[in-house]
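Peer 1: Quick one: sequence plus predicted model below, questions after.
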Amino acid sequence: MAEGTADRIALDRMILLAIGALAGAATYVLVEVLPDHVENEQLLLLIAAATGGFFTAFLAATGPLSFLRAALAAAVSAIPAAGLLYWASFRFEAVEDYLETGHPPVAFVFILSVALPFLIAAQRGADGWRDYPALFTQAWNIVVRYAAAWVFTGVFWAVVFLSDALFSLVGLDVIEDLLDIDWMPFVLTGAALGLAMAVVVELSDYVSPFLILRLLRLLMPVLLVVTVVFLVALPVQGLSDLFGGLSTAATLMAMVFGIATLITSAIDRTDPEAAEAPVMRWSAQILALAMPILAGLAIHAIWLRVTAYGWTPDRLAAGAAALVLMGYALCYALAVLLRGGWMARIRGMNIAMALGGILIAALWLTPVLNPQRITAQGQVARFVRGETPVEALDLWFIKHELGHAGTAAIAQLSALDHPEAAALAARLELLEDADNRYGFEAVENAVDLPAMRTDLLANLVTLPAGHVLPQTVFDELEASQVSAVLEGCNRLTPAGHPGCVVIFADFVPEVDGDEGILIYATSSTGTALRIIRADGKADWTDAPVFLTGHRMLSLSPGSIDALHAGDFQLGPVPITVLGLGDAQILIKP
């Protein structure tokens, strides 16, 4: 290797290492710093999506493109996608509720990942963004480069932890002290990833997707046999018997996607590079002809659910995915039926379908394909038409899981002049008073409240162990409040404990007896805290958790595990109060 070449390689490695470290530092700021200074959740989402998308795309595009061109391609792919994600976030009051639907992040990642190969090919391909060999190569190279880089990053951290363990044997804490710096793990992870990407780009002749593609081809005859057996058995067994407890539509769509992937790997970038074995080519053609049947069955399975229960965001997402897969299926089958040049036709159709997929993902983040609005309006329309009886109308889902569209639908239902208006009004009144779905359904179904209180007493763990709760501790709580704690108890913490616990101590020394702090899980990431007074009565008052700087902290269910493990301390808060007569004025720490 010439000295100039070696110097250039070293420089490129240092640049990508620095870019990776900068990406890690940006992640730390986004996760740990900005939330304390930016109250606008939508703005935080925009900054996080644009920054994360930019660095992800930049590292992927560097190598095929120069640093400047890679930065431009990353910005062009990340910023519009982040803008769409931000725009759609106003469908909900809280960004957390918006992201928990799952669909927006998927649409964002799809736009970012599928658009990037087009932007790279536009600057490298002989035919610009339509150059299929360049698109094919870049798309698969991105997957392989990132996979190899993340494997290296994992090994890097294994070496770090092993080194720290070795140093600890001789009393050296230098690595542990370094990792205790809040931002250091983020920066080191990014730096390792950036360095790995640089080395993978250097060794692109060795670290390439072609081995994976050759191996994928070998699965095509196997998948052909499975598909033929399925289609032969279908008229005899029926869909329900064939799939048992699995989702029929999801299974069928996964099959269509897998077939499309294997056919794409078999036809490769050009005809000379495609699979030559007759069994491979015949398998690809037969599978292409079977794809519309499988995709059609998937659409039929989804439509059966829609006609029975109406649209939901999940069914809309499944329907959109099924239509895209049907597009691929029809294109592949048509390409084979037209015979000569079928592989070239599939390549051209792959480009068109990829662009179509980007369009649908983008529309999903616009009012054109707002799944919450479509669902809310559809559920109201089904009730108005008499297709959904009042007792089957999922009011909790409409109000709490469809964002602003659901709130508008509830208001619309409240104002309806309908034969079942009285029954609907009674259910809406219960909905207004309920704190959670469990409580709403419990009250609606006239669950025995004393039995619920007894059930809670039996499930609630107390610390220190052996502390006995009075039988009347929950007598002052309503059904919705008791059910909220019960629902938390039914969740499991990361360590497998029930998601509820009460810890007792003399938290208020001037009052005789011990007080309790009740902690119960409200989701997989959140908890609520309530107070049990010294007189043994549960008080539905929040027990807030404060950090220095007046910021209120939200504990995770892992905090319950920490209590079980004894990883906590009891002690006074160092604080000075201003006494004015009977009043005490304090600043919360």
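Peer 2: Alright, I've got the coordinates.
Peer 1: gap between residue 98 and residue 90?
Peer 2: Counting by Cβ to Cβ, to the nearest Å, the gap from residue 98 to residue 90 is 9 Å. Every C-beta, even on glycine, is put in place using the N, C-alpha and C of the backbone.
Peer 1: hang on, I meant residue 203
Peer 2: From residue 203 to residue 90 the distance is 45 Å (Cβ to Cβ).
Peer 1: cool, and residue 147?
Peer 2: 36 Å.
Peer 1: ok, back up a step: who has more neighbours, residue 98 and residue 90?
Peer 2: residue 98 (22 against 12; other Cβ atoms under 10 Å).
Peer 1: just checking, that one touches residue 85?
Peer 2: No - here residue 98 lies out of contact with residue 85, judged by Cβ atoms under 8 Å, at a distance of 9.2 Å.
Peer 1: what touches both of the two?
Peer 2: Common contacts of residue 98 and residue 85 (Cβ atoms under 8 Å, 6 or more residues apart in numbering): residue 104.
Peer 1: How about the contacts made by residue 216?
Peer 2: Here residue 216 is in contact with 261-262, 265-266 (criterion: Cβ under 8 Å, 6+ apart).
Peer 1: same thing but 6 Å
Peer 2: Applying Cβ atoms under 6 Å, 6 or more residues apart in numbering, we find residue 216 in contact with 262, 265.
Peer 1: Quick check: the residue nearest the centre of the chain vs residue 323, distance?
Peer 2: For the chain, residue 102 is the residue whose C-alpha lies nearest the centre (Cα atoms, centre = their mean; 4.9 Å). Distance, residue 102 to residue 323, by Cβ to Cβ: 19 Å.
Peer 1: Please apply the same query to residue 296.
Peer 2: 11 Å.
Peer 1: cool, residue 213 as well?
Peer 2: Residue 213 is 27 Å from residue 323, by Cβ to Cβ.
Peer 1: So which of those two has more stuff around it?
Peer 2: residue 213 (20 against 15).
Peer 1: so the more buried one is in which element?
Peer 2: helix 210-218 (DSSP states H and E).
Peer 1: how about that helix: buried residues?
Peer 2: 213, 216-217 (16 or more other Cβ atoms under 10 Å).
Peer 1: Also stretch 481-493?
Peer 2: Under 16+ other Cβ under 10 Å, the buried positions of stretch 481-493 are 481-489, 491, 493.
Peer 1: Columns secondary structure and pLDDT on top of the residues you listed, output as JSON lines?
Peer 2: Putting the buried residues of stretch 481-493 into JSON lines (DSSP: H, G, I helix; E, B strand; the rest coil; pLDDT from 0 to 100) gives the following:
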{"residue": "481", "secondary structure": "helix", "pLDDT": "82"}
{"residue": "482", "secondary structure": "helix", "pLDDT": "84"}
{"residue": "483", "secondary structure": "helix", "pLDDT": "80"}
{"residue": "484", "secondary structure": "helix", "pLDDT": "83"}
{"residue": "485", "secondary structure": "helix", "pLDDT": "87"}
{"residue": "486", "secondary structure": "helix", "pLDDT": "87"}
{"residue": "487", "secondary structure": "helix", "pLDDT": "84"}
{"residue": "488", "secondary structure": "helix", "pLDDT": "87"}
{"residue": "489", "secondary structure": "helix", "pLDDT": "89"}
{"residue": "491", "secondary structure": "coil", "pLDDT": "85"}
{"residue": "493", "secondary structure": "coil", "pLDDT": "88"}
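Peer 1: which one of these sits closest to residue 192?
Peer 2: residue 493 (31.1 Å; Cβ to Cβ).
Peer 1: what mean pLDDT does the helix holding residue 213 have?
Peer 2: Average pLDDT, helix 210-218: 86.
Peer 1: Can I get that helix in CSV, CA atoms only?
Peer 2: Only the C-alpha atoms of helix 210-218 are listed here, as CSV (Å, rounded to 0.1, in the frame of the first residue of the first chain):
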residue,chain,number,x,y,z
PHE,A,210,-23.0,-11.5,-2.6
LEU,A,211,-22.3,-14.4,-0.2
ILE,A,212,-25.7,-13.8,1.5
LEU,A,213,-27.5,-13.5,-1.8
ARG,A,214,-26.0,-16.8,-3.1
LEU,A,215,-27.1,-18.5,0.2
LEU,A,216,-30.6,-17.0,-0.1
ARG,A,217,-31.0,-18.6,-3.6
LEU,A,218,-30.6,-22.0,-2.1
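Peer 1: Return the distance of it from the chain's centre.
Peer 2: Centre-to-centre, helix 210-218 and its host chain are 30 Å apart (Cα atoms, centre = their mean, to the nearest Å).
Peer 1: That helix: what's the following helix or strand?
Peer 2: Taking DSSP H and E, what comes next after helix 210-218 is helix 220-237.
Peer 1: just the helices in the stretch 101-250 of the chain please.
Peer 2: Per DSSP state H, counting those that start in this stretch, the stretch 101-250 of the chain carries helices over the ranges 103-124, 132-168, 174-179, 184-202, 210-218, 220-237, 239-243, 248-267.
Peer 1: Minimum distance to residue 30: which of those helices has it?
Peer 2: Short answer: helix 184-202, nearest of the helices of the stretch 101-250 of the chain by Cβ to Cβ, at 9.6 Å.
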